[in-house]
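Visitor: What shape does this take:
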Amino acid sequence: MCSIRICQQNWNGCLAKLRGECKGIFKIMQAFDVFDLPVSATAASGNVEVVEEGISGTLVQPGDGGEMAQALLGYLDAPACMAGHGGDARRHAEQCYSIPAMAEAYARVYDQTLKRRQTA
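Guide: Here you go, the predicted structure:
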């Protein structure tokens with residue numbers, strides 16, 4: 001089951017709780033990264049590739065509601081941490097998931113593949 005719960009509607013201080021039991025949830029997390037928002041997510045599936053624990057958000061064990069609640073409350077209690085993680089999340093998204101960054105990553109894969117075929 002996939003779900004997103006918005007804990008605050010105000011984009012200037014929004015928190016999101018994400019469950020990662022479905023494919024593609026990291027796309028939603030990337031959207032939050034673009035808005036300078038940290039993400040609290042389960043440490044499952046692609047979430048661990050997108051959320052840098054303690055840098056751009058918080059990862060919790062799947063099924064541990066108490067740990068998720070603590071992660072969300074931690075951001076509400078520490079707005080500076082929320083802003084810092086949100087800014088880092090945005091930089092991470094721009095460096096790794098922007099169209100130019102992804103195009104460059106694909107080009108590297110193609111170049112490496114071509115080089116291997118030429119030397120074989």
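Visitor: In this structure N47 contacts S40, no?
Guide: No: the criterion here is C-beta atoms under 8 Å, and N47 misses it with S40 at 10.0 Å. Any C-beta I mention is one placed from the backbone N, CA and C, and that applies to glycine too.
Visitor: out of these two, which sits in the busier spot?
Guide: Higher neighbour count among N47 and S40: S40, with 24 against 21, using other C-beta atoms under 10 Å.
Visitor: right, and the secondary structure at S45 would be what?
Guide: When classified by DSSP: H, G, I helix; E, B strand; the rest coil, S45 comes out as coil.
Visitor: Now tell me which helix or strand of this structure has the poorest mean pLDDT.
Guide: The least trusted helix or strand in the chain, going by mean pLDDT, DSSP states H and E, turns out to be strand 2-6, with a mean of 42.
Visitor: any weak-confidence spans in this protein?
Guide: In the predicted model of the chain, residues 1-34 satisfy pLDDT under 70.
Visitor: rerun at 80
Guide: 1-37, 45-46, 97-98, 120 (pLDDT under 80).
Visitor: for the longest helix seen in it, which positions count as buried?
Guide: Assignment by DSSP state H gives helix 99-119 as the longest helix of the chain. Within helix 99-119, no residue is scored as buried using 16 or more other C-beta atoms under 10 Å.
Visitor: One more: stretch 60-77?
Guide: Of all the residues in stretch 60-77, those buried under the rule 16+ other C-beta under 10 Å are V60, P62, E67, M68, A71, L72, Y75.
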